[in-house]
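> here's a sequence, model it:
(chains A, B, C and D)
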Number of protein chains: 2
Amino acid sequence: MNKKSKPKFKPYKKSSAHNYVFEILKDYIISGVYKVGDQLPTEVELSQTFGISRAATREGLRALEGIGLITTVQGYKGGRFVKKIDSEIIVSGLDLLLQTEKPSFGELFNELIEARIAIECVTVKMAALNRSEENLAAISQVLDLRVDSKDEFYNKTYDLHELVALASQNKVLFYIVQAIRKLIFQTYSNLALEDNNIDLVMKTHYAIYSSIKNRDPEEAEKAMILDIESYRNLYLEVIEKHKKG
Amino acid sequence: MNKKSKPKFKPYKKSSAHNYVFEILKDYIISGVYKVGDQLPTEVELSQTFGISRAATREGLRALEGIGLITTVQGYKGGRFVKKIDSEIIVSGLDLLLQTEKPSFGELFNELIEARIAIECVTVKMAALNRSEENLAAISQVLDLRVDSKDEFYNKTYDLHELVALASQNKVLFYIVQAIRKLIFQTYSNLALEDNNIDLVMKTHYAIYSSIKNRDPEEAEKAMILDIESYRNLYLEVIEKHKKG
DNA sequence: TAACGTAATGATGTCAGACATTAATATGTA
DNA sequence: TACATATTAATGTCTGACATCATTACGTTA
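Numbering: from 1, shown residues only, chains lettered A, B, ... in the order given. Got it, this is the predicted structure:
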């Protein structure tokens, strides 16, 4: 949003000042008055328009930062900026939730993989039934990408599963799939995967693609299970080595 | 935690003061130094032990409040208290995520219900396979509860689906089921459901129970679909009336 | 004695105003 | 041209005072 055409805020009445800042700005962001990447007014401007102190304003902004709606940049050309809302804001919460149970390294991994199998088997079936031509083209494009390194390969994998979830035409499931996958990769990112199974994974990916293309939910599910299970085994091998080494 | 045996914090060095407060206290809460319901030291105490100002301390606390880890109580006997971490911290994020797409009332509802069907069909099958005797007893107990009012009835329903998800023995799926259900109920809580279908719901609930008891995943899935679909229809009727009225 | 009003208490909430820090940019000098 | 320095505009921090809120304690009165 252009800073010159900024909206006029009403000064606050009830509730606390900091909470008022939080609520109002949250509404403005959600309703799109401030869009992704936009800079919010400065602390001083906000406190003036709200008619409250800078300290209270900052507390409200800090809460907004906490829920992941804005980021803060210090220095010249700094300020508060509206963040892109993506599945990340679920990931941190899900992580907290699971950590409170204090599961072991392997336990958590298995539960996450099981959850992936459970949900992604559904999304891949839905994708086979509901996918558009655009969905199919996008998936095909990712499969055709030239892969030069192991890392690139796993990034590509990342995209494929997201695109499949997207093709299910269900946003709820799409975000949940994303969140679980992100959590897995961020939790176990320290594990360096071997690249001896790349051929297998490429086969299963192609099987997923073609079953979606052929609108064959049963085949799609089988391929998805194979794919995720092969991932699980890849990781489990490394985890085993990790324990021994 | 007993306030008298409070941990000694190291004064902060790098990163910002408010962020230090946020990170340290978050760690203390996650690692269980401060447990659910415990009162944190007061702002003044914290700022003294951290060696920073009250203002910076408050900002850190506000961020902790933002992510839902603590609550603030004003007045005598007030203070900051550690909140119970439950699926609520995903619900708000998921809500934000879905709102950004600006779906219509009915669109969102259908996607949420579809997601429920997708995931709860899996959890109920897993429950049929993995449930313990304790799980079964808990479900049975909820079914036997005397129900005096419509509201009570729907609370009971709430418990049943949670218990089934719990019986799947997968925490990830359990929390996700909880989150989706909470989001539905909080988004559509203004809709007063008719009670003319209670008999049907009780039947499907019993069917869910007995198929879990008999360790019959196929029957369990069928019953679950019936149950959620009947819910969907209940709501859709009301939504239709809502549009007309 | 019981009921009610009021003061004390201890926590968070708010304020004003100063100065520190940070990082991009502009400027000046070798 | 390249490098060092000053400027600038934002957030970061500090201090110390006062306001508000909600529980508890107390004291007065019917």
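> in which helix or strand does the closest residue to A:Ser15 other than its chain neighbours reside?
Leaving out its chain neighbours, the residue that sits closest to A:Ser15 by CB to CB, 6 or more residues apart in numbering or on different chains is A:Glu23, at 7.4 Å. Any C-beta I mention is one placed from the backbone N, CA and C, and that applies to glycine too. Per DSSP states H and E: A:Glu23 is located in helix A:17-30.
> how about that helix and DNA strand D, touching?
No: Helix A:17-30 lies apart from DNA strand D when judged by CB under 7 Å from any atom of the strand; the minimum separation is 10.5 Å.
> quick one: name whatever helix or strand follows that helix.
helix A:43-50.
> is DNA strand D contacted by the helix or strand just after that next one?
Later in the chain than helix A:43-50, the nearest helix or strand by DSSP H and E is helix A:54-66. Yes: counting by CB under 7 Å from any atom of the strand, DNA strand D is contacted by helix A:54-66 at A:54-55, A:58.
> and those, which is closest to B:Lys77?
Proximity of the residues of helix A:54-66 next to DNA strand D to B:Lys77 (CB to CB) peaks at A:Ala55, which lies at 24.6 Å.
> near the closest one, how many other residues are there?
15 (other CB atoms under 10 Å in any protein chain shown).
> mind checking how far it is from B:Val36?
30 Å (CB to CB, to the nearest Å).
> ditto for A:Ile117
On the measure of CB to CB, A:Ile117 and B:Val36 end up 32 Å apart.
> what's the weakest-modelled helix or strand in chain A?
helix A:150-167 (a mean of 79; mean pLDDT, DSSP states H and E).
> quick one: buried residues of the helix ranked longest in chain A?
Assignment by DSSP state H gives helix A:217-244 as the longest helix of chain A. Across helix A:217-244, burial judged by 16 or more other CB atoms under 10 Å in any protein chain shown covers A:217, A:219-224, A:226-228, A:231-232, A:234-235, A:238.
> without its sequence neighbours, what residue ends up closest to the one residue sitting closest to the centre of chain A?
By CA atoms, centre = their mean, the mean C-alpha position of chain A lies nearest to A:Ser87, the distance being 3.0 Å. Nearest residue to A:Ser87, sequence neighbours excluded (CB to CB, 6+ apart): A:Gln178, at 3.9 Å.
> quick one: contacts for that neighbour?
Residues near A:Gln178 by CB atoms under 8 Å, 6 or more residues apart in numbering or on different chains: A:86-87, A:162, A:165.
> who wins on neighbours among the residues you listed?
A:Ala165 (25 neighbours).
> give me the below-cutoff pLDDT ranges for chain A.
A:1-14, A:145-158, A:190-197, A:242-245 (pLDDT under 70).
> got the residues of it near DNA strand D?
Checking chain A against DNA strand D by CB under 7 Å from any atom of the strand, the hits are A:40, A:42-44, A:54-55, A:58, A:72-76, A:78-80.
> I'd assumed B:Thr123 was in contact with A:Ile119.
No: A:Ile119 is beyond contact range of B:Thr123, at 10.5 Å (criterion: CB atoms under 8 Å).
> pull the number of nearby residues for the residue of chain A found nearest chain B.
Closest approach of chain A to chain B (CB to the nearest CB) occurs at A:Gly66, with a separation of 2.4 Å. Neighbour count for A:Gly66, taken as other CB under 10 Å: 21.
> in space, what's closest to it - neighbours in sequence excluded?
B:Gly66 (2.4 Å).
> distance of the residue of chain A at minimum distance from DNA strand C from A:Glu240?
Nearest to DNA strand C in chain A, going by CB to the nearest atom of the strand, is A:Gly75, at a distance of 2.1 Å. From A:Gly75 over to A:Glu240 the distance is 47 Å, taken as CB to CB.
> got the phi and psi for the closest residue to A:Leu40 other than its chain neighbours?
Spatially, and ignoring its direct neighbours in sequence, A:Leu40 is nearest to A:Arg80 (4.2 Å; CB to CB, 6+ apart). Here is the backbone geometry of A:Arg80 (degrees, to the nearest 10): phi -100, psi 130.
> I'd like the distance from the helix holding A:Glu23 to the chain centre, please.
Relative to the chain's own centre, helix A:17-30 is displaced by 24 Å; criterion: CA atoms, centre = their mean, to the nearest Å.
> is DNA strand C contacted by that helix?
Yes: counting by CB under 7 Å from any atom of the strand, DNA strand C has neighbours in helix A:17-30: A:17-19.
> packing partners for that helix?
Counting by 3 or more CB pairs under 8 Å, 6 or more residues apart in numbering or on different chains; DSSP states H and E, the packing neighbours recorded for helix A:17-30 are helix A:43-50, helix A:54-66.
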